[in-house]
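In: No sequence on hand, only this structure:
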Ligand code: MN
């Protein structure tokens, strides 16, 4: 399934790498450098999935996830957090904020897209947790 993916990430190198990997597999990627721009873009493009960095300037990823999940338009849009935080409790915190999944940085370029695709819902199908 080819998907429209919104990538919210402030680091240019990460944005470049993740976009490259996803586009290589046929997905469409739109990206934002901050949480507030990400929320604007989400409303504009209605993505199939949102990849969300947690360490963002201004509004952090937790706040972005909460804002997205409190909006009926994005209630069923999977959010996958991508973060380098390796602190105990961080994964729980990100899931509590509304993300469906979590991928740790540094990402593995060999498996990253497959990990992301697990969270894409096909019509009439439940996402695989
Ligand atoms: Mn960041």
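Out: Good, I have the coordinates. It should be emphasised that the depicted structure is a prediction, and the values quoted were computed from it without experimental measurement. Residues are numbered from 1 along each chain as shown.

In: helix or strand right after the host helix or strand of residue 30?
Out: Using DSSP states H and E, residue 30 maps to strand 28-32. Where DSSP H and E defines the elements, the next helix or strand beyond strand 28-32 is helix 35-45.

In: after that next one, next one along is what?
Out: Heading C-terminal from helix 35-45 (DSSP H and E), you reach strand 49-53.

In: Tell me the buried residues in whichever helix or strand comes after that following strand?
Out: Per DSSP H and E, the first helix or strand lying C-terminal to strand 49-53 is helix 61-69. By neighbour count on 16 or more other CB atoms under 10 Å, the buried set for helix 61-69 is 61-65, 67-69. No exception for glycine: its C-beta is placed from N, CA and C like everyone else's.

In: Likewise for stretch 112-123?
Out: 112-113, 116-117, 119-121.

In: Repeat that for stretch 41-51.
Out: 41-42, 47-51.

In: Show me which residues of the protein sit near the ion.
Out: The chain has residues 10, 53, 55 near the ion, with proximity defined as CB under 5 Å from the ion.

In: Which among those count as buried?
Out: Buried among the residues of the chain next to the ion by 16+ other CB under 10 Å: 10, 53.

In: Run through who's touching the strand holding residue 30.
Out: Contacting residues not belonging to strand 28-32 are listed as 2-9, 15, 18-19, 22-23, 38, 40-41, 45, 47 [CB atoms under 8 Å, 6 or more residues apart in numbering].

In: Relative to that strand, what are the paired strands and their orientations?
Out: Sheet pairing of strand 28-32 (DSSP bridges) gives strand 4-8 (parallel).

In: orientation of the helix or strand just after the partner strand relative to strand 4-8 in degrees?
Out: Per DSSP H and E, strand 4-8 leads on to helix 12-24 as the next helix or strand towards the C-terminus. Counting by axes from the mean of the first three to the mean of the last three CA atoms, to 10 degrees, helix 12-24 lies at 170 degrees to strand 4-8.
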